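A.B. asks: I'll drop the sequence and a predicted model, then ask my questions.
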Amino acid sequence: MTHYLLSIYQPDGPPPPPEFLEPIMRDVEALNDELRAAGGWVFAGGLHPPGTATVVRQKDNEMLTTDGPYIEGKEHIGGFTVIQAPDLDAALEWGRRLARATTLPIEVRPLQHGSCG
């Protein structure tokens, strides 16, 4: 089995109101339950807004830290799910289902060497 990262891209700005967001979160949790039952769920997490990020980089033997995201844009990764699937087609199907549940774009990408360890 190969591990895949399902990245959830969301627009910058404030979160949608609860009456819009609550049904989406219910659908995502139901999908996570299905992933667990199928043996494909590894872990998932939501992220704080990009403004809470800190970037660390090395330049000329010196470590620099800057506040904010590494790249600014109109969208950002708002959360992710790591799954295991037998092949890319199966991972893409879970990605499609997550896109349907979240109503957001999902990037599906295999982890190098296929594992989390």
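C.D. replies: Arrived safely, thanks for sending. Numbers count the residues shown, from 1 in each chain.
A.B. asks: now do the helices in the chain.
C.D. replies: Remark: helices of the chain, listed N- to C-terminal, are 18-37, 88-102; assignment by DSSP state H.
A.B. asks: among those helices, show me which one is buried the most.
C.D. replies: Ranked by mean neighbour count under mean count of other C-beta atoms under 10 Å, the helices of the chain are led by helix 88-102, which reaches a mean of 17. Where you see a C-beta, it was placed from the backbone N, CA and C, and this is true even at glycine.
A.B. asks: by how many degrees do that one and helix 18-37 diverge?
C.D. replies: Here helix 88-102 runs at an angle of 150 degrees relative to helix 18-37 (axes from the mean of the first three to the mean of the last three C-alpha atoms, to 10 degrees).
A.B. asks: give me the mean pLDDT for helix 88-102.
C.D. replies: Throughout helix 88-102, pLDDT has a mean value of 98.
A.B. asks: when you give positions from now on, start the count at 238
C.D. replies: OK, 238 is where the count begins now, so the last one is helix 325-339.
A.B. asks: send me that helix as PDB with only the CA atoms.
C.D. replies: Backbone C-alpha positions of helix 325-339 (Å, rounded to 0.1, in the frame of the first residue of the first chain) are rendered in PDB as follows:
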ATOM      1  CA  LEU A 325      -3.300   6.100  -7.600                       C
ATOM      2  CA  ASP A 326      -6.800   5.300  -8.900                       C
ATOM      3  CA  ALA A 327      -8.000   4.300  -5.500                       C
ATOM      4  CA  ALA A 328      -6.300   7.400  -3.900                       C
ATOM      5  CA  LEU A 329      -7.900   9.600  -6.600                       C
ATOM      6  CA  GLU A 330     -11.400   8.200  -5.800                       C
ATOM      7  CA  TRP A 331     -10.900   9.200  -2.100                       C
ATOM      8  CA  GLY A 332      -9.700  12.600  -3.300                       C
ATOM      9  CA  ARG A 333     -12.900  13.000  -5.400                       C
ATOM     10  CA  ARG A 334     -15.000  12.000  -2.400                       C
ATOM     11  CA  LEU A 335     -13.100  14.500  -0.200                       C
ATOM     12  CA  ALA A 336     -13.600  17.300  -2.900                       C
ATOM     13  CA  ARG A 337     -17.300  16.500  -2.900                       C
ATOM     14  CA  ALA A 338     -17.500  16.600   0.900                       C
ATOM     15  CA  THR A 339     -15.500  19.800   1.300                       C
END
